[in-house]
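Asks: All I have is the shape, not the residue letters:
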């Protein structure tokens, strides 16, 4: 027997490992072990196995690569949010008008080609109100992306010296 009875209780396939945590950390581990109804030794072994699994499968990384990956993912989320906003604006502001408008203002008792009907619709101004909001939304979206510029009195243009 040794001076310490704890070591005497170890089986042949076990060994003692000493660690030196701060007192408050050791108390926290003891409380957590008690809550889990485990010995402190078993509790710490479980934590170590769990941490090794996380490290082995790449779930945790203590290096800078994880910080870089977080930044990449945040940028991807921002890009996807902007795309979603654009798609929502497109679907919300889709150009439509009622069949009644076609019957009352475009179609007649005479046959007309599709090209003639489209020309008549554009010339009549029927689509002006329906087109204004979606076009304006897209221009403001492009301006937020720094792809176009607006100057009062002049209008809209491509950013960075785009073709005029």
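Replies: Cool, got the structure. These figures come from a predicted structure and were not determined experimentally.
Asks: Now do the buried residues in whichever strand or helix holds residue 55.
Replies: Element membership for residue 55, per DSSP states H and E: helix 40-56. The neighbour-count check on helix 40-56 (16 or more other C-beta atoms under 10 Å) flags 43, 44 as buried. Placement of C-beta: from N, CA and C, glycine included.
Asks: The helix or strand that that helix is followed by - contacts with which helices or strands?
Replies: Toward the C-terminus, helix 40-56 is succeeded by helix 64-92 as the next helix or strand (DSSP H and E). For helix 64-92, the contact count by 3 or more C-beta pairs under 8 Å, 6 or more residues apart in numbering; DSSP states H and E identifies helix 128-144 as packing neighbours.
Asks: which residues sit against the very next helix or strand once past the helix it packs on?
Replies: Next in sequence after helix 128-144, counting helices and strands by DSSP H and E, comes strand 148-151. With C-beta atoms under 8 Å, 6 or more residues apart in numbering as the test, strand 148-151 has contacts from 139, 142, 143, 156, 157, 158, 159.
Asks: so where's this protein uncertain?
Replies: Within the chain, the segments meeting pLDDT under 70 span 1-8, 58-65, 90-97, 161-164.
Asks: Thanks a lot, catch you later.
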